[in-house]
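In: sequence-free structure coming up:
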């Protein structure tokens, strides 16, 4: 088992501070696997863990003017990775909580005739708006809503990154929300997802 060479790693940080990209690559290769395993143990997604590792090393490169003051390179790298992981988990948790609260808040009866009419109008409008999207966006949205595929499954099927798939779905939802609000339809968009998708 290799010993932790503090002096050698501090020298690497000094070289990175000087803008040496080879030293940066060496540091990246030295820590990538360890950081990836560390992050993946929390996020349970290789794709997201990989993204967090990339962001971690981007922070190191972008803040290289601070590297001379770092006493323990390993601790510094793990701290950045931990913070990035925390941000990711926070965001996921916030999103899930928001969606969960929205479902609770929209569990209302649609017995009212006016709501029924609005719902029909909304369904018609949603179909119309979806047809204006690019074939790829339609396909991704259909896989998510109708086929109930995960972002990772969709990403593999269409050859995009998981984060790009997430962005496409968010873009489509915003687009739909915008068009529904323009038509002053009062049925909640999230309630429509529950009923329609």
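Out: Cool, the structure landed. Owing to the predicted nature of the structure, the values given are computational and were not obtained by experimental measurement. Residues are numbered from 1 along each chain as shown.
In: for this structure, what are the low-confidence residue spans?
Out: Filtered on pLDDT under 70, the chain yields the residue ranges 1-4, 94-123, 180-197.
In: and the spatially most central residue of it, what helix or strand is that in?
Out: In the chain, the C-alpha nearest the mean C-alpha coordinate belongs to residue 163, at 5.1 Å (C-alpha atoms, centre = their mean). Under the criterion of DSSP states H and E, residue 163 resides in helix 162-182.
In: quick check: buried residues in that helix?
Out: Using 16 or more other C-beta atoms under 10 Å as the test for burial, helix 162-182 gives 162, 165-166, 168-169, 172-173, 175-176, 179-180. In this view, the C-beta of every residue, glycine as well, is placed from N, C-alpha and C.
In: list the helices and strands it packs on?
Out: Secondary-structure packing of helix 162-182 (3 or more C-beta pairs under 8 Å, 6 or more residues apart in numbering; DSSP states H and E): helix 46-62, helix 113-130, helix 135-145, helix 151-158, helix 189-196.
In: run through who's touching that helix.
Out: For helix 162-182, the external contacting residues (C-beta atoms under 8 Å, 6 or more residues apart in numbering) are 45, 47-48, 51, 122, 125-126, 129-130, 133, 136-137, 140-141, 144, 151-152, 154-155, 158, 160, 189, 192.
In: understood, closing this out.
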